[in-house]
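Engineer: I'd like to go over a predicted model; first the sequence, then the structure.
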Amino acid sequence: METNQESKLGAETKDPQFVLLVNLKFASVEDRQTFEKKLVPLVEYVGKNEQYALSYCMLRDEKDETKLTIFERYETQAKMSGHSSSPLFQKLIRPGAEAYKALSAPPVKSYQKLFFHGGINGYFSK
């Protein structure tokens, strides 16, 4: 029997989608812009080659233009692991790689499981 909360949010999924948020801080707006330009080929690669990646985008902070968040959403946590092994990721993103040279602080990562999907008052995503 469904509880009222479950009927509003939808059932908990067996293998929840996985979200990775990477918060980045740059020394300047110009450094952030340079990083964004260097990251575009990786975003395009993910869109074309990583079918298990459901979302991959950059979010600019509304108040601090030197901050950027990378939002990544995958079918499952296990399927996310292949993303970081691609040659383009290794070239651009791994610690010490060219895209990270403009950071003023190490990235802060937050790993999240998306455990409710659908339902009237849950969330909507394509």
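Structural biologist: It's in. Because the structure is predicted, anything quoted here is derived from the model rather than measured.

Engineer: going on from the least confident helix or strand in the chain by mean pLDDT, what's the next piece of helix or strand?
Structural biologist: Least confident helix or strand of the chain, by mean pLDDT, DSSP states H and E, is helix 4-9 with a mean of 41. Remark: after helix 4-9, the chain's next helix or strand is strand 12-25, criterion DSSP states H and E.

Engineer: Tell me the first helix or strand C-terminal of that next one.
Structural biologist: Using DSSP H and E, the helix or strand that follows strand 12-25 in sequence is helix 29-49.

Engineer: how about the CA coordinates for stretch 54-68, as CSV?
Structural biologist: Listed next in CSV are the C-alpha coordinates belonging to stretch 54-68 (Å, rounded to 0.1, in the frame of the first residue of the first chain):
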residue,chain,number,x,y,z
LEU,A,54,21.3,12.3,-19.0
SER,A,55,22.5,15.9,-18.3
TYR,A,56,25.9,17.6,-18.4
CYS,A,57,25.9,21.4,-18.2
MET,A,58,27.6,24.4,-16.7
LEU,A,59,25.8,26.7,-14.2
ARG,A,60,27.0,30.2,-13.5
ASP,A,61,26.6,31.6,-10.1
GLU,A,62,24.0,34.5,-10.1
LYS,A,63,25.9,36.6,-7.5
ASP,A,64,29.6,35.7,-7.9
GLU,A,65,30.8,35.6,-11.5
THR,A,66,34.0,33.8,-10.5
LYS,A,67,32.0,30.7,-9.5
LEU,A,68,30.8,27.9,-11.8
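
Engineer: Who are the contact partners of the spatially most central residue of the chain?
Structural biologist: Central residue of the chain (CA atoms, centre = their mean): Glu72, 1.9 Å from the mean position. Contact analysis of Glu72 by CB atoms under 8 Å, 6 or more residues apart in numbering lists 19-22, 53, 55-56, 80, 83. (Glycine included, C-beta is placed from N, CA and C.)
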